[in-house]
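**Student:** Build me a model:
(one chain, ligands or ions: 1)
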Amino acid sequence: EGQVSMRVAMIGTGYVGLVSGACFADFGHDVTCVDKDPSKIERLERGEIPIFEPGLDDLVAANVRGGRLSFALDGAEAIRAADAVFIAVGTPSRRGDGHADLSYVHAAAEEIAGLIEGFTVVVTKSTVPVGTGDEIERIIRERRPDADFAVVSNPEFLREGAAIEDFKRPDRVVVGTEDARAQAVMRELYRPLNLNETPILFTGRRTSELIKYAANAFLAMKITFINEMADLCEAVGADVQQVARGIGLDKRIGGKFLHAGPGYGGSCFPKDTLALVRTAADAGSPVRLIETTVRINDARKKAMAGRVANVLGGDLKGKTVALLGLTFKPNTDDMRDAPSLDVAPALIAMGAEVQAFDPEGMHEAAKLLDGVRFKDGPYEAVTGADVVVILTEWDQFRALDIDRIKLLMRQPVMVDLRNVYRPEEMRTRGFRYASIGRA
Ligand code: UGA
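**Tutor:** Take a look at the predicted model:
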């Protein structure tokens, strides 16, 4: 059977909106990405992508050329014509209480309410607290008692840096709605995935909203588990990478997200775990494992500077520290809740000079990190340093010229917070070397 092309309006051209919009267009649908920010729309129309995501610029360009993807400041026309309107606006943590701030979501619902014509599926792609779908439905119903629409939850599971791959080859698609017409539209939107036999899981709307938080909380907990095991490995003389492999081969556990490090960061795990803790507390059903996960991870990020100091005998006064990597993970320019935001200020507070390099994140980092000297490359950053710290596992830091680094540093000391190098090898090359969870 042939594919039916759907008309999609995507509200919000942030990370999720842009990736989802471009991928739906690439699936053959007719997509308009809408944003209130004129400079963003202008840049997009010129083919400039405001975020760093591998492959996204080519995907956007190809679909704009193909006439399936366009951008608009005013969403009215696209929303009127749409079979599905996606809400992909930001839901930042509200200051003070950690709840998700839904003002952009509600504003989008108001706008959509005034415009939809014919049966329209309104989809939340943004990560929204349980019950938000009900609220959106209420907002639209109140303004337009006559409107024919269904509100659906369709959470995204995209990793930054691998978002296009995750969108096109997902483990599953979750669609929260009991409305049969809405289910049919969603099935049509994701039809190309049938080719890879991706399961589409239809659930109730609140269930779907919770699945998103539960998935991120579980992954955050898994990382935190292996981080604690890493500390234990150090204390008892075991190797965390072998522990991870040894447990991960058990299919019930699975080997992914068992890489020990300086603590998770990013725009999702810290925010979503906190929001889940608040939602659960409000509902009178606390999620204590996640409360603890949040606490352990916050403390871990703060403790990393102390590790650096320990390797140098406890005192950083007058010492120069080189930081390689500042973003919360590789292949992104995203600095949100990155461990570097805790590590660099703590090092400076202990009296160290900090010089840093990141392949994509320095522009953002310069706004957030006072007193750090930004360098043009890894070799510039390590020049004159007493210790080099690998904070983010960018590919280019996996293949450093170690002998050259040794010559450039004041003394050859490495703290490898991502276990990129092998302890024996670094020691053979003359380095004092410390990593995570390995002797
Ligand atoms: C995460 C989830 O992986 C996505 O499935 C989800 O859709 C997304 O959040 C979201 O809610 O939008 P992302 O934040 O882009 O994606 O990045 P991850 O690759 O999950 O990494 C998050 C943090 O965990 C990073 O700081 C990373 O360094 C850390 N991490 C990850 C580890 O320390 N160890 C691991 O084994 C894996």
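**Student:** Do the longest helix that the chain contains and the ligand come into contact?
**Tutor:** Counting residues, the longest helix in the chain under DSSP state H turns out to be helix 205-236. Yes - applying Cβ under 6 Å from any ligand atom, one finds helix 205-236 in contact with the ligand at 216, 219, 223. Yep, even glycine has a C-beta here, placed from its N, CA and C like the rest.
**Student:** residues making contact with the helix or strand just after that helix?
**Tutor:** Going down the chain from helix 205-236, the next helix or strand is helix 240-248, by DSSP states H and E. Helix 240-248 is contacted by residues 226, 229-230, 233, 253-256, 258-260, 419, 436-438 when judged by Cβ atoms under 8 Å, 6 or more residues apart in numbering.
**Student:** Could you pull up phi and psi at Val389?
**Tutor:** The phi/psi pair for Val389 (degrees, to the nearest 10) reads phi -110, psi 120.
**Student:** Please look at it and Leu326 and confirm they touch.
**Tutor:** No - look at Val389 against Leu326 with Cβ atoms under 8 Å: they stay out of range, at 10.7 Å.
**Student:** which stretches of the protein aren't confidently modelled?
**Tutor:** Low-confidence segments of the chain (pLDDT under 70): 1-2.
**Student:** let's go with 80 and repeat that
**Tutor:** Low-confidence segments of the chain (pLDDT under 80): 1-3, 93-100, 195-196, 439.
**Student:** how about the strands in it?
**Tutor:** Ranges of strands in the chain, per DSSP state E, are 7-11, 30-34, 69-72, 84-87, 120-124, 149-153, 173-176, 200-203, 320-324, 353-357, 372-374, 387-390, 413-416, 432-434.
**Student:** now the angle from the second one to strand 7-11?
**Tutor:** Read it as strand 30-34. In terms of direction (axes from the mean of the first three to the mean of the last three Cα atoms, to 10 degrees), strand 30-34 departs from strand 7-11 by 20 degrees.
**Student:** who in the protein is up against the ligand?
**Tutor:** For the chain, the residues in contact with the ligand (Cβ under 6 Å from any ligand atom) are 127, 156-160, 216, 219, 223, 257-259, 261, 264-266, 268-269, 272, 328-329.
**Student:** Weed out the non-buried ones from those residues.
**Tutor:** 127, 156-158, 160, 216, 219, 223, 257-259, 261, 264-266, 268-269, 272, 328-329 (16 or more other Cβ atoms under 10 Å).
**Student:** about what we covered before: as CSV, the strands of the chain with mean neighbour count would be great.
**Tutor:** Listed next are the strands of the chain as CSV, based on neighbours: other Cβ atoms under 10 Å:
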stretch, mean neighbour count
strand 7-11, 27
strand 30-34, 25
strand 69-72, 21
strand 84-87, 27
strand 120-124, 27
strand 149-153, 25
strand 173-176, 22
strand 200-203, 16
strand 320-324, 28
strand 353-357, 23
strand 372-374, 18
strand 387-390, 27
strand 413-416, 24
strand 432-434, 18
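**Student:** picking up where we left off before, which of the contacts of helix 240-248 are buried, as a ChimeraX select command?
**Tutor:** Remark: buried members of these, expressed as a ChimeraX selection using 16+ other Cβ under 10 Å:
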select :226,229,230,233,258,259,260,419,436,437,438
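**Student:** ok, the contacts of helix 240-248 vs Asp58, which is closest?
**Tutor:** Minimum distance to Asp58 across these is 27.1 Å, recorded for Lys256 (Cβ to Cβ).
**Student:** Once you drop chain neighbours, what's closest to the closest one?
**Tutor:** Take Lys256 and drop its neighbours on the chain: the residue closest to it by Cβ to Cβ, 6 or more residues apart in numbering is Gly248, 7.5 Å away.
**Student:** One more: Arg410?
**Tutor:** Asp386 (5.1 Å).
**Student:** which residues touch that neighbour?
**Tutor:** 312, 319-321, 409-411, 413.
**Student:** Over in the stretch 1-150 of the chain, which residue gets nearest the ligand? Let me know.
**Tutor:** The ligand sits closest to Thr127 of the stretch 1-150 of the chain, with a gap of 5.8 Å, by Cβ to the nearest ligand atom.
**Student:** Can you give me every residue that contacts Thr203?
**Tutor:** Thr203 makes contact with 174-176, 211, according to Cβ under 8 Å, 6+ apart.
**Student:** Which two of these have the greatest separation?
**Tutor:** Maximum distance among the contacts of Thr203 (Cβ to Cβ): 10.4 Å, for Val175 and Ile211.
**Student:** Lys406 is in contact with Gly430, isn't it?
**Tutor:** Yes - at 6.1 Å, Lys406 and Gly430 qualify as touching, with contact defined as Cβ under 8 Å.
**Student:** More neighbours: those two, which one.
**Tutor:** Using other Cβ atoms under 10 Å, the more surrounded residue of Lys406 and Gly430 is Lys406, with 16 against 11.
**Student:** Excluding chain neighbours, what is closest to the more buried one?
**Tutor:** Spatial nearest neighbour of Lys406, excluding adjacent residues (Cβ to Cβ, 6+ apart): Pro412 at 4.5 Å.
**Student:** May I ask you to confirm that that neighbour is in contact with Gly430?
**Tutor:** Yes - between Pro412 and Gly430 there is a contact under Cβ under 8 Å: 5.5 Å.
**Student:** Can you check which residues contact both of those two?
**Tutor:** Residues touching both Pro412 and Gly430 (Cβ under 8 Å, 6+ apart): Lys406.
**Student:** what number of residues lie near Asn194?
**Tutor:** Counted with other Cβ under 10 Å, residues neighbouring Asn194 total 11.
**Student:** The longest helix of the chain to helix 240-248, inter-axis angle?
**Tutor:** 130 degrees.
**Student:** what packs against helix 205-236?
**Tutor:** Judged by 3 or more Cβ pairs under 8 Å, 6 or more residues apart in numbering; DSSP states H and E, the packing partners of helix 205-236 are helix 132-143, strand 149-153, strand 173-176, helix 240-248, helix 269-282, helix 288-311.
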